[in-house]
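Visitor: After the sequence you'll find the predicted model.
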Amino acid sequence: MNKYLLNGLYGLLALIGISAFAFKVFQPIQVLPRIRLSPAFDMLDQDWKRLTNEDLRGQMVLYTFTYTNCPVPCHDIDKTMQEIQARLSEADLGETKMSFVTISFDPQNDSPLALRAHAEGLNADPQQWKFVTSPNETLLKTIIGSGFHAYYEKNTDNSFTFDPTFILVDGWGIVRGEYRYQTEVSTVDRILRHISVLADEVQNSTGPQKVAYEAAHLFLCYAP
């Protein structure tokens, strides 16, 4: 190989290495990882209206999974969502829209009427926080278990065993954050911080800055 070509190759590798080191040390831009595509779904909400994943395109969505008969405090799932919704202004969303979706894995008991009563008991804003389920239990299992990677299992007494899970999805339908009580302490502060990081990317990763954000994804300056 020509020595000038070889020197050029070494120089390019050195530049990549220095750039990666600089991104890691100085963290000029923080991004959340692009984990995988979120699943497609078609469900009924608490107002008997269809809600599909396509309806949520272009906005950030925080999903969680539970059932309305879950014994209090039910891992504080609803309380966590309530607090995040109440403190959402701390995330500086700009023009980015944010929605919350609670998916029930107990369609036998969680009719839209039951979901509405549950939502009203939480004083949930129906314009921003949807409670949904599907009568097709097999499809529901696929969406939640295989699509969102959230575990649940029905017990013989009709209760459920499940891992409390929150999933943050961006406007392109890509999973950007996973928060599981079984493996980590999932705090409201941490989820809000990640929502803010994602909102910054949505607002700023255009034009010339898009290259910088793609570089950040390449070197993954991840916001813990």
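Guide: Thanks, I have it. Just so you know, these numbers come straight off a predicted model, no measurement behind them.

Visitor: residues contacting residue 102?
Guide: For residue 102, the contacting residues are 63-66, 77-78, 81, 129-132, by CB atoms under 8 Å, 6 or more residues apart in numbering. For every residue, glycine as well, the C-beta is placed using N, CA and C.

Visitor: And the most centrally placed residue in the chain, how close does it get to residue 79?
Guide: The residue lying closest to the centre of the chain (CA atoms, centre = their mean) is residue 168, at 0.8 Å. Counting by CB to CB, to the nearest Å, the separation of residue 168 from residue 79 is 18 Å.

Visitor: now do residue 103
Guide: 17 Å.

Visitor: Could you chop the chain up by domain?
Guide: Here the domain assignment for the chain is 1-30, 36-219, based on automatic domain parsing.

Visitor: hey, least reliable of these by pLDDT?
Guide: Out of these, domain 1-30 stands lowest, with a mean of 49 (criterion: mean pLDDT).

Visitor: one step back: tally of neighbours for the nearest residue to the residue nearest to the centre of the chain once chain neighbours are set aside?
Guide: Taking CB to CB, 6 or more residues apart in numbering as the measure, residue 168 lies nearest to residue 177, with 3.5 Å between them; neighbours along the chain are not counted. Other residues within reach of residue 177 by the criterion other CB atoms under 10 Å amount to 23.

Visitor: can you tell me the helix or strand for residue 177?
Guide: Under the assignment given by DSSP states H and E, the secondary-structure element containing residue 177 is strand 174-180.

Visitor: again with residue 168
Guide: Taking DSSP H and E as the criterion, the element that holds residue 168 is strand 165-169.
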